[in-house]
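Student: Need a 3D model of the following:
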Amino acid sequence: MLCGLAVCASAAVDQCKPIGWATRAGRTSTEFNVTGGGNATPITVKTFADLQKYAKDSSPRVIYIDGTLGDGWSGTTGSRLNITASNKTIIGLKPGTLLKAPIHITSKASNIIVRNIVIQGPGSNADQAWDNLTIEGESKNIWIDHCEFWDGQDGNADVVKGSDNVTFTWCIFGYKKKSTHNLSNLIGSSDNEPVSEGKLNVTYMFNWWKAANQRKPRCRYGNVHVVNNLLTGDASITNGTDVLGVSAGHMCKVRTERNVFINESNPIYTGNANGSGVNEVIDNIFTNCSGNTKGTGTSFTPPYEYTSFMLKASEVEAAVKANAGATLKNPTECDANYVEPEPPTPDKQYQAEAGTITGGVSESSNAGYHGDGYVNFDKGGDVVVKVKVNTAGQYRFDIDFANGSSEVRSLAISAGLDTAMTSFKTTGGWTVWETAEVLVNLAAGENAVKFATVGGNDGPNIDQFDVTLVKATEKDSTEEEPISIRSKSFAMVAPSVYRVSIFDTKGSLVRRMNVESAKVGDVAWMTRGLPAGLYVMQLKSVSTERSKFIAVK
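Tutor: So this is what the prediction gives:
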């Protein structure tokens, strides 16, 4: 058991990146970066119509399938997913995501990734019906990973008609129902297929063929690498039929390397070679097998690196049984032993989502936050966070925020009688977090600091923040520090001039002036000549607005 777990761990190392022929241009050593939809924002689809729409449009797409989609099919009638455009990633959102439609990749589509999907066919027969998966029409650079193909009506997964550079990893190709036509993986549809000459290069690594009669695989034209796979027979399904294993046909060279064959008849079948097929057999294990196990001739040397993660044949059975199939727990997981990581440990004093939220939610769907989540404001929403300090004075707030909108968004940040209104720039995405600095006066002890949207508008998402004392309040002093706002994220500094307005407690304007920032803290001269009493002072600059109560003695 311990040995099996160790094997699984070693096999999982390279499950997160494409390997094999999919990573090459043609039959050369020139690398091709298989990215599918790349960094496109994922789209979650819950209807087959939406899945088809995004699979065919011209934009790079990362598509998550949520739930069972498709209405099923029989013969050549019913639901069929046509992928006719390039740069697509299609992933089942949960383990065992069932697609009740075969997949058809064609029209020279390239750079395609399909992962974590189960396709259950209607059962096999000799009709020219749809395969569970067909790759044709000169499509290329395709990676099929952690999928399951069961009971294909004509076949499970075929690569034909000039397609090239395909890799299958951690897939299951199987049959649950008995039939004379349980034929699984065909490469090249006939000996007269000129468009396929020099193409149909396919890699199978870490896959499991279960109870398939033939075509495991059966190939023409291509250089086909069958490495570290498990092939198991089942007499209750295959009894009474011709059972043939890996078969090299017309102009096809197969490198059959470090695989495990259990209860298989004719594991290496040479009857289709026709004088031009080659099957080189290297270090395989044959257990309770009958028929031929010997290879013919020398095949090819793969132009891609694979030996660093290739398993010993003795390790293959445990690794494949533990990891193959649509078993991935979420769409970003490519290691079957993956554990969802905890959010990063908070590295600042206060978490905004821990406050009292009114008109907004604590959310965790956008990555990059710390703690339990972040605050996503509704229009007109706010959050109040309790902040405790030992010393009264002016504090710098370092606020982590994200603003994936196309516009600058503002918040009014208040504590007691002090309010600072500041703008938060766009960050280019809701998973892109930056830090803004704001100065707010706090009283000694516990402060209820309120972050509020302004004018009924939306705000940025805010995550965590630190507070740092800038200047302690001096007792019995009318001096005030200049009020400013700074943000590291958009390099704004205190303006050179403030517009200062002084109102009485009834809201009537009693004085207005322009004041240099160096003098804005000198309340005494700005209020000289005013009757004793309580007033409201408002200070405005290009991007800062603050108001506070002042007393004139």
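
Student: How much space separates the residue sitting nearest the centre point of the chain from T89?
Tutor: The chain has T332 as the residue nearest its centroid, 4.3 Å off, counting by C-alpha atoms, centre = their mean. Distance from T332 to T89, counting by C-beta to C-beta, to the nearest Å: 11 Å. In short, each C-beta sits where N, CA and C put it, glycine included.

Student: try K329
Tutor: Counting by C-beta to C-beta - K329 and T89 are separated by 17 Å.

Student: my guess is D71 meets S79, correct?
Tutor: Yes - look at D71 against S79 with C-beta atoms under 8 Å: they come within range, at 4.8 Å.

Student: Between these two, which has more neighbouring residues?
Tutor: S79 (16 against 9; other C-beta atoms under 10 Å).

Student: Could you verify my assumption that that one touches H104?
Tutor: No - at 11.0 Å, S79 does not count as touching H104 under the criterion of C-beta under 8 Å.

Student: Which strand residues bridge T167?
Tutor: Beta-bridge partners of T167, counted by DSSP bridges, are W143, T203.

Student: shouldn't V375 be in contact with Q464?
Tutor: No - V375 is beyond contact range of Q464, at 10.3 Å (criterion: C-beta under 8 Å).

Student: Now the common contact residues for these two.
Tutor: When contacts are counted by C-beta atoms under 8 Å, 6 or more residues apart in numbering, V375 and Q464 have A352 as shared neighbours.

Student: For the residue lying closest to N116 once chain neighbours are set aside, list the residues it contacts.
Tutor: Leaving aside its chain neighbours, N116 sits nearest to G92 (3.8 Å; criterion: C-beta to C-beta, 6 or more residues apart in numbering). The contact partners of G92, taken as C-beta under 8 Å, 6+ apart, are 64-65, 99, 115-118, 326, 328, 331.

Student: If we only consider the residues you listed, which is nearest to A25?
Tutor: R115 (22.3 Å; C-beta to C-beta).

Student: What residues does the closest one make contact with?
Tutor: With C-beta under 8 Å, 6+ apart, R115 has these contacts: 89-92, 144-147, 328, 331, 334.

Student: again, only this time at 7 Å
Tutor: 91, 145-147 (C-beta atoms under 7 Å, 6 or more residues apart in numbering).

Student: Just the ones in strands from these, please.
Tutor: Of the contacts of R115, the ones assigned to strands by DSSP state E are 91, 145.

Student: tell me the contacts of the residue lying closest to P531 once chain neighbours are set aside?
Tutor: Spatially, and ignoring its direct neighbours in sequence, P531 is nearest to V552 (7.2 Å; C-beta to C-beta, 6+ apart). By C-beta under 7 Å, 6+ apart, the contact set of V552 is 527, 530, 532-533, 535.

Student: Pull out the buried members of those residues.
Tutor: Neighbour counting over the contacts of V552 (16 or more other C-beta atoms under 10 Å) leaves 527, 535 as the buried ones.

Student: so which of the contacts of V552 comes closest to K199?
Tutor: Y535 (83.2 Å).

Student: doesn't G507 make contact with the closest one?
Tutor: No - the criterion here is C-beta atoms under 7 Å, and Y535 misses it with G507 at 10.9 Å.

Student: ok, back up a step: and the contacts of V552 as JSON lines, adding secondary structure and pLDDT?
Tutor: Below are those laid out as JSON lines (DSSP: H, G, I helix; E, B strand; the rest coil; pLDDT from 0 to 100):
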{"residue": "T527", "secondary structure": "coil", "pLDDT": "84"}
{"residue": "L530", "secondary structure": "coil", "pLDDT": "83"}
{"residue": "A532", "secondary structure": "coil", "pLDDT": "83"}
{"residue": "G533", "secondary structure": "strand", "pLDDT": "81"}
{"residue": "Y535", "secondary structure": "strand", "pLDDT": "80"}
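
Student: What about the residue nearest to V160 when sequence neighbours are not counted, how many residues nearby?
Tutor: Counting by C-beta to C-beta, 6+ apart, V160 lies nearest to S189, which is 4.3 Å off, once chain neighbours are set aside. For S189, the count of nearby residues is 15 (other C-beta under 10 Å).

Student: What residues of the top strand by length along the chain count as buried?
Tutor: Counting residues, the longest strand in the chain under DSSP E turns out to be strand 374-389. Within strand 374-389, the residues scored as buried using 16+ other C-beta under 10 Å are 374-377, 380-385, 387, 389.

Student: With stretch 21-41 instead?
Tutor: Buried-residue list, stretch 21-41, by 16+ other C-beta under 10 Å: 21-24, 26-27, 32, 34-37, 40.

Student: Can you show me the helices along the stretch 251-400 of the chain?
Tutor: Using DSSP state H, counting those that start in this stretch, the helices of the stretch 251-400 of the chain run over residues 313-323.

Student: returning to what we had before: could you tell me whether the residue nearest to V160 really is in a helix?
Tutor: No - judged by DSSP: H, G, I helix; E, B strand; the rest coil, S189 forms no part of a helix; its state is coil.

Student: Surely S299 is in contact with C252?
Tutor: No - with contacts counted by C-beta under 7 Å, S299 stays clear of C252, the gap being 9.3 Å.

Student: which one of those two has more residues nearby?
Tutor: When neighbours are counted by other C-beta under 10 Å, S299 and C252 differ, and C252 comes out ahead with 28 against 22.

Student: Not counting sequence-adjacent ones, nearest residue to the more buried one?
Tutor: Closest to C252 by C-beta to C-beta, 6+ apart is C219, at 4.1 Å.

Student: What residues are bridge-paired with the one you found?
Tutor: Using DSSP bridges, the beta-bridge partners of C219 come out as I187, A248.

Student: What of V383?
Tutor: I357, F451.

Student: so when I look at A22, I'm seeing a helix, right?
Tutor: Yes - A22: assigned to a helix according to three-state DSSP.

Student: so what pLDDT did it get?
Tutor: Per-residue confidence (pLDDT) for A22: 98.

Student: can you give me the helices in the stretch 101-250 of the chain?
Tutor: Going by DSSP H, counting those that start in this stretch, the stretch 101-250 of the chain shows helices at 235-238.

Student: Run through it and note the low-pLDDT ranges.
Tutor: Along the stretch 101-250 of the chain, segments meeting pLDDT under 70 are nowhere present.
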